[in-house]
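K.L.:
just need the structure, nothing else, for what follows:
(12 chains)
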Number of protein chains: 12
Amino acid sequence: MSDHVYKSVELTGSSKTSMEDAVNNAISRASKTLHNLRWFQVTETRGWIEDSKIAHWQVTVKVGFTLDDE
Amino acid sequence: MSDHVYKSVELTGSSKTSMEDAVNNAISRASKTLHNLRWFQVTETRGWIEDSKIAHWQVTVKVGFTLDDE
Amino acid sequence: MSDHVYKSVELTGSSKTSMEDAVNNAISRASKTLHNLRWFQVTETRGWIEDSKIAHWQVTVKVGFTLDDE
Amino acid sequence: MSDHVYKSVELTGSSKTSMEDAVNNAISRASKTLHNLRWFQVTETRGWIEDSKIAHWQVTVKVGFTLDDE
Amino acid sequence: MSDHVYKSVELTGSSKTSMEDAVNNAISRASKTLHNLRWFQVTETRGWIEDSKIAHWQVTVKVGFTLDDE
Amino acid sequence: MSDHVYKSVELTGSSKTSMEDAVNNAISRASKTLHNLRWFQVTETRGWIEDSKIAHWQVTVKVGFTLDDE
Amino acid sequence: MSDHVYKSVELTGSSKTSMEDAVNNAISRASKTLHNLRWFQVTETRGWIEDSKIAHWQVTVKVGFTLDDE
Amino acid sequence: MSDHVYKSVELTGSSKTSMEDAVNNAISRASKTLHNLRWFQVTETRGWIEDSKIAHWQVTVKVGFTLDDE
Amino acid sequence: MSDHVYKSVELTGSSKTSMEDAVNNAISRASKTLHNLRWFQVTETRGWIEDSKIAHWQVTVKVGFTLDDE
Amino acid sequence: MSDHVYKSVELTGSSKTSMEDAVNNAISRASKTLHNLRWFQVTETRGWIEDSKIAHWQVTVKVGFTLDDE
Amino acid sequence: MSDHVYKSVELTGSSKTSMEDAVNNAISRASKTLHNLRWFQVTETRGWIEDSKIAHWQVTVKVGFTLDDE
Amino acid sequence: MSDHVYKSVELTGSSKTSMEDAVNNAISRASKTLHNLRWFQVTETRGWIEDSKIAHWQVTVKVGFTLDDE
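P.N.:
From the prediction side, this is the model:
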């Protein structure tokens, strides 16, 4: 990470299968409008239960990107 | 809460009367530019004092909204 | 608070009107099965938004009660 | 907030009716001996239960004041 | 999440294979005695090592359920 | 600690003499109704003062137990 | 704890022998100038080592007292 | 700070020389697209090392601005 | 640090130039009324922005002093 | 866990595929120089993004081991 | 504490009798390989239960020592 | 930061002049025995006061380095 200015935003992605997939979905959606995504940090892992089973995972991430060439 | 991607932003609303009203003001202002607001979480409650009385409350909230149909 | 053993449980109450009312609802419900409730501590304040307005508040409390005369 | 030195103290106010009133009581009491009160921050919200009802709220605040013209 | 009262309990599940499976095991066990499970939040992820390998994962979750129709 | 599901509850014990004794009292009381207690973690240490002396210690612990053979 | 206003201050006491004794020393010293001490909460436990042995314990407490009849 | 609604964003600035300069760089960059910047709070201070020397500082700040006249 | 009782207070100092200078100003002001200042710990670093530039830094410190020879 | 003295160290492992694999890699590397590894606790989960995709996960763990027979 | 560079390590000591003794055991073991130990800070207090009684205490400490004359 | 295993250690550096210099001193000392230092994170900023002036700053950092080619 070199000498830039970064901005970070907080996103929550969902997945029926795994935590990793929930993060993938959040980053995939974010990349439609934000370029130069560089890193993420998991800040919360939750999920919803239906019929005594995990219906889907919800993972919240901070995602950082460079502001330089906006 | 179903299988979406959410973004959350941090807002601070003010009110002369109550904490609830300060949150209302923040959400009311946010809804002018952000649609699909879904939830909020209070992260800080402060206030300012003038002449030994509470002049106004300032409540900071994280507000989450769906990114899907932006 | 004298020389007892306490247990605390975590409850979340809801209200359309105020944070105080949400806590009241949680404690009212808890008192149906738990006796000797003594204190509470607010640990999280959230809410849900519908049509750009606060639909209801959700306040989470730890509620403590004496175990002695169970 | 301009170029001053501030001190902050921690107070807990009580009220039978609301969180806001509990903060009001703490600040009102503090203003008898401390001048130039400027801001507060809520750091804890608790309460006591009697007969399965909230007997009173206890809200703890940090209260800041300028030291300059003491 | 509508206008209910929720209780949350803290459980720790174990798995030899993955974090997700450890949460699944905790929820599966909890559903034997608790009905109306609605959500969970991961609060700690640990594990035990034997012979320089991960023997099993231990994931702690808060699990919330409605109290209304108990 | 092997491949079980654990539940943890939060208890507060009191003692006029020491922190250790306050934890002992909490665990002794808990063992009347909970079996298979396995571990505890101290989460808060408080106390009450009377006549400028410590009247008693109050130590809060999370206590974990196996759910398997309930 | 009834319907008062409380102030809390942060003190650190020392002892060569035990954590409890370090808290005792802090409260004993505080009671020379502060009356109506009501409760304390341990916020930090440290110590100093000399010649590979614990030279003394240093326990920091928040101590609360009523402001009403100052 | 009067009766407005604020939004805060999280930025990370870099500098080869000092923490203060890293914050300056973040705010300078932010002011190109955000007006009415009012305050900041440092939330993390990190840095990168090359050849056993600090190559640059990276300071993360929350920056608040008024939404009123956007 | 030997076998004393310490009290700590929370102060916020300001400076147009640097974080270090803001702490200096807080300690310099505190030393007018408090003797035997021994240590400080930075607990928060904020600042105010005017015309897209840092107007001044505000650094909050806990400052500890011995109570022994008050 | 019996009556030993433990030391814990902080390690960060990487993986292109999953969080679990990142922890595996950290522990596998640690076991080359540290024996008697007993447990770990996940303290941070981050990752790096390239071309709008997760390039690799980085999971930080505290790893504990017995000092007794070093 | 004068103008040195310090390193701190995290240790967990055990004792059947008291928290103080558990810290003593950790420091005693550490002093076999680390010299110039200067201070410690308690970061976690846990314990294990057998037959409804505390089998032993486990106290985790950060222990700091000077690097200067290694 | 590519696909390595990292270890981090906690160091405290001192300086009479600035926070930055205190970190520099810690890293300079660490580089005598640790190679491949890559990043640091400030975790605590303290200082000592003599004659009502800051005698020296003490900044604690986590310092990370690659384990791969040890």
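K.L.:
name the nearest residue to residue A:29, sequence neighbours excluded.
P.N.:
Excluding its sequence neighbours, the residue lying closest to residue A:29 (CB to CB, 6 or more residues apart in numbering or on different chains) is residue B:5, at 4.1 Å. In short, each C-beta sits where N, CA and C put it, glycine included.
K.L.:
might you report the residue contacts of residue A:40?
P.N.:
Contact analysis of residue A:40 by CB atoms under 8 Å, 6 or more residues apart in numbering or on different chains lists A:23, A:27, A:61-64, J:46-47, J:49, J:54.
K.L.:
near chain H too, which of those residues?
P.N.:
Restricting the contacts of residue A:40 to those touching chain H (CB under 8 Å from any CB of the partner chain) yields A:62, A:64.
K.L.:
before we move on, the earlier item: wait, doesn't the residue nearest to residue A:29 sit right on residue B:66?
P.N.:
Yes - at 7.2 Å, residue B:5 and residue B:66 qualify as touching, with contact defined as CB atoms under 8 Å.
K.L.:
same drill for these two, tell me which one is more crowded.
P.N.:
residue B:5 (21 against 17; other CB atoms under 10 Å in any protein chain shown).
K.L.:
show me where chain A has strands.
P.N.:
A:6-15, A:37-50, A:53-66 (DSSP state E).
K.L.:
next one: the residue sitting furthest away from the middle of chain A relative to chain L, how far apart?
P.N.:
Residue distances from the centre of chain A (CA atoms, centre = their mean) peak at residue A:51, which lies 27.0 Å from the mean C-alpha position. Plainly put, residue A:51 is 40 Å away from chain L if you go by CB to the nearest CB, to the nearest Å.
K.L.:
next: residue A:63.
P.N.:
As for residue A:63, its distance to chain L is 16 Å (criterion: CB to the nearest CB).
K.L.:
and residue A:52, by the same measure?
P.N.:
39 Å.
K.L.:
wait, what's in contact with that residue?
P.N.:
E:27-28, E:31, E:37.
K.L.:
so which of the contacts of residue A:40 comes closest to residue A:9?
P.N.:
Distance ranking of these against residue A:9, using CB to CB, places residue A:63 first at 5.7 Å.
K.L.:
wouldn't that closest one be in contact with residue A:26 here?
P.N.:
Yes - Residue A:63 lies in contact with residue A:26 (CB under 8 Å); the separation is 7.4 Å.
K.L.:
which neighbours do the two share?
P.N.:
Counting by CB under 8 Å, 6+ apart, the residues touching both residue A:63 and residue A:26 are residue A:11.
K.L.:
higher neighbour count, those two?
P.N.:
Higher neighbour count among residue A:63 and residue A:26: residue A:26, with 26 against 23, using other CB under 10 Å.
K.L.:
show me what the closest residue to that one other than its chain neighbours is bridged to.
P.N.:
In space, and not counting its chain neighbours, residue A:26 is closest to residue A:13: 2.9 Å by CB to CB, 6+ apart. With DSSP bridges as the criterion, residue A:13 is bridged to residue A:59.
K.L.:
same question, residue A:41
P.N.:
residue A:62, residue J:46.
K.L.:
same check on residue A:53?
P.N.:
Legend: beta-bridge partners of residue A:53 under DSSP bridges are residue A:50.
K.L.:
correct me if wrong: it contacts residue E:30.
P.N.:
No - taking contacts as CB under 8 Å, residue A:53 lies outside contact range of residue E:30: 11.6 Å.
K.L.:
comparing the two, which shows the higher neighbour count?
P.N.:
Legend: neighbour count by other CB under 10 Å for residue A:53 and residue E:30, higher for residue E:30 (23 against 11).
K.L.:
quick one: low-confidence ranges for chain A?
P.N.:
Flagging of chain A using pLDDT under 70 yields the residue ranges A:1-3, A:68-70.
K.L.:
ok and the residue in it nearest chain I?
P.N.:
Residue of chain A nearest chain I, by CB to the nearest CB: residue A:5 (14.0 Å).
K.L.:
measure that residue to chain J for me?
P.N.:
With the distance defined as CB to the nearest CB, residue A:5 ends up 17 Å from chain J.
K.L.:
do residue A:66 as well
P.N.:
Residue A:66 sits 11 Å away from chain J, going by CB to the nearest CB.
K.L.:
what bridges to residue A:7?
P.N.:
residue A:65, residue H:11.
K.L.:
might one say that it is in contact with residue H:9?
P.N.:
Yes - contact criterion CB under 8 Å: residue A:7 and residue H:9 qualify, at 6.4 Å.
K.L.:
need the contact list for residue A:10.
P.N.:
A:43, A:60-63, B:7-9, B:62.
K.L.:
among the residues you listed, who's most crowded?
P.N.:
residue A:61 leads the contacts of residue A:10 on contacts (other CB under 10 Å) with 26 neighbours.
K.L.:
pull the distance from stretch A:31-40 to the chain's centre.
P.N.:
Distance of stretch A:31-40 from the chain centroid (CA atoms, centre = their mean, to the nearest Å) equals 10 Å.
K.L.:
apologies, that question was intended for stretch A:40-50.
P.N.:
With CA atoms, centre = their mean, you get 10 Å for stretch A:40-50.
K.L.:
residues of it that come out buried?
P.N.:
A:40-42, A:45-49 (16 or more other CB atoms under 10 Å in any protein chain shown).
K.L.:
kindly report the same for stretch A:23-33.
P.N.:
A:23-27, A:29-31.
K.L.:
can you list contacts of that stretch?
P.N.:
Where contact means CB under 8 Å, 6+ apart, the residues beyond stretch A:23-33 that reach it are A:9, A:11-15, A:37, A:40, A:42, A:59, A:61, A:63, B:5, B:67-68, B:70, J:47, J:49, J:52-54.
K.L.:
ok, now stretch A:60-70?
P.N.:
Around stretch A:60-70, the neighbours that count as contacts under CB under 8 Å, 6+ apart are A:4-13, A:23, A:26-27, A:30, A:34-46, B:8, H:10-12, H:29-30, H:33, J:49.
K.L.:
then stretch A:41-50?
P.N.:
Here stretch A:41-50 makes contact (CB under 8 Å, 6+ apart) with A:10, A:12, A:19, A:23, A:54-62, B:1, E:23, E:27, E:37-42, E:63, J:44-46.
K.L.:
in chain A, which residue sits nearest chain G?
P.N.:
For chain A, CB to the nearest CB, closest residue to chain G: residue A:43, 25.5 Å.
K.L.:
so who does residue A:38 touch?
P.N.:
Applying CB under 8 Å, 6+ apart, the residues contacting residue A:38 are A:1, A:6, A:64-66, J:48-49.
K.L.:
state the distance from it to chain F.
P.N.:
The gap separating residue A:38 from chain F is 37 Å, by CB to the nearest CB.
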